[in-house]
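Engineer: Any chance you could fold what I've pasted below:
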Amino acid sequence: MTIAYPLSVPDKTKIKRVTLTADVRVGVLESPWTFAAQVQALQGQRFVAEVTLCSMARPDAEKWIAWVAKLNGRQGTFYLGDPTARNPRGSNPGQVHLLTGNKSDQSIVIEGYMANAEGVLLAGDYITIGNYLYKVLDDVNMNASSQASIDVWPAMRYSYPTGFSIQVVDTFSTFRLVTNTNILHATAEDLISEVSFTCTEAL
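Structural biologist: Alright, predicted model coming up:
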């Protein structure tokens, strides 16, 4: 049977910790005498995640072991989000759509919440657009036309049409492992001990 990527994780409740890191490409040329700097922000922006699993008995652990093997190193991709941020902290997490959002844009315009609603999303909330994760950088308030401009990080990876759906609950991105060599399991007494793996967004 052909494996279809991206995969979903076997059991979110077995994830002990996810550490998300912002990885950017910014060049800095600094004078060794005056410390005056020239800064060039390049387009590279992505999330890097380190995932630590709980210790598990073999019946639960084998699902994860098979999942890691199924990824076949860096070949496969999978969906992953921040398990502590499944729901936005804003006041009105309803249906929301993209009004404008083009590749490389740092700001997008959304529509769909109630007119003049305040704090519908808060700084630090996540949204998913087209299977990729974005962090909201400022509190979001809707105007009288039920629209709002949002600054996000990273910049948009692709362009999407007007009306494209934005996910605000159970947000996620598409990741792949950083190496082709990954620990399948480490046995400690009668449990499969904690196993960690590092992954980057698959762009």
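Engineer: and the residue of the chain positioned farthest from its centre, which of the three is it?
Structural biologist: With distances taken as C-alpha atoms, centre = their mean, the residue sitting farthest from the centre of the chain turns out to be residue 33, at 40.3 Å. Following DSSP: H, G, I helix; E, B strand; the rest coil, residue 33 is assigned to coil.
Engineer: Give me the pLDDT value at it.
Structural biologist: At residue 33, the model reports a pLDDT of 89.
Engineer: ditto for residue 190
Structural biologist: Residue 190 is assigned a predicted lDDT (pLDDT) of 63.
Engineer: what does the one 4 residues further on give?
Structural biologist: Here the pLDDT value assigned to residue 194 is 67.
Engineer: This protein - how does it break down into domains?
Structural biologist: What automatic domain parsing lists as the domains of the chain is 12-81+174-201, 96-166.
Engineer: Can you tell me which of the ones you listed is packed in deepest?
Structural biologist: The highest average neighbour count among these, using mean count of other C-beta atoms under 10 Å, belongs to domain 96-166 at a mean of 17. Backbone N, C-alpha and C define where each C-beta goes, glycine included.
Engineer: Do me a favour and average the pLDDT over it.
Structural biologist: Mean pLDDT, domain 96-166: 92.
Engineer: How about stretch 6-23?
Structural biologist: On average, stretch 6-23 scores 91.
Engineer: What is the end-to-end distance of it?
Structural biologist: Stretch 6-23 has an end-to-end distance of 22 Å (criterion: C-alpha to C-alpha, to the nearest Å).
Engineer: Kindly report the same for stretch 79-89.
Structural biologist: Stretch 79-89 stretches 22 Å from its first residue to its last (C-alpha to C-alpha).
Engineer: now stretch 22-40
Structural biologist: End-to-end distance (C-alpha to C-alpha), stretch 22-40: 17 Å.
Engineer: Now do that stretch: everything it contacts.
Structural biologist: 41-48, 153-154, 200 (C-beta atoms under 8 Å, 6 or more residues apart in numbering).
Engineer: give me that answer again for 10 Å
Structural biologist: 41-48, 135, 153-154, 200-201 (C-beta atoms under 10 Å, 6 or more residues apart in numbering).
Engineer: Figure out how far it is from the centre of its chain.
Structural biologist: 27 Å (C-alpha atoms, centre = their mean, to the nearest Å).
Engineer: As a check, name the ranges of all helices in the protein.
Structural biologist: Residue ranges of the helices in the chain, as given by DSSP state H, are 58-71.
Engineer: For it, which segments count as strands?
Structural biologist: Remark: strands assigned in the chain by DSSP state E are 15-30, 37-53, 78-80, 96-100, 107-111, 126-129, 132-136, 147-153, 165-166, 173-177, 187-188, 191-192, 196-201.
Engineer: Give the partner strands of the first one in its sheet and their orientations.
Structural biologist: When you say that, I think you mean strand 15-30. For strand 15-30, the paired strands and their directions (DSSP bridges) are strand 37-53 (antiparallel).
Engineer: before we move on, back to that, can you check which of the strands of the chain gets nearest to residue 117?
Structural biologist: Taking C-beta to C-beta, strand 147-153 is the member of those nearest to residue 117, at 8.9 Å.
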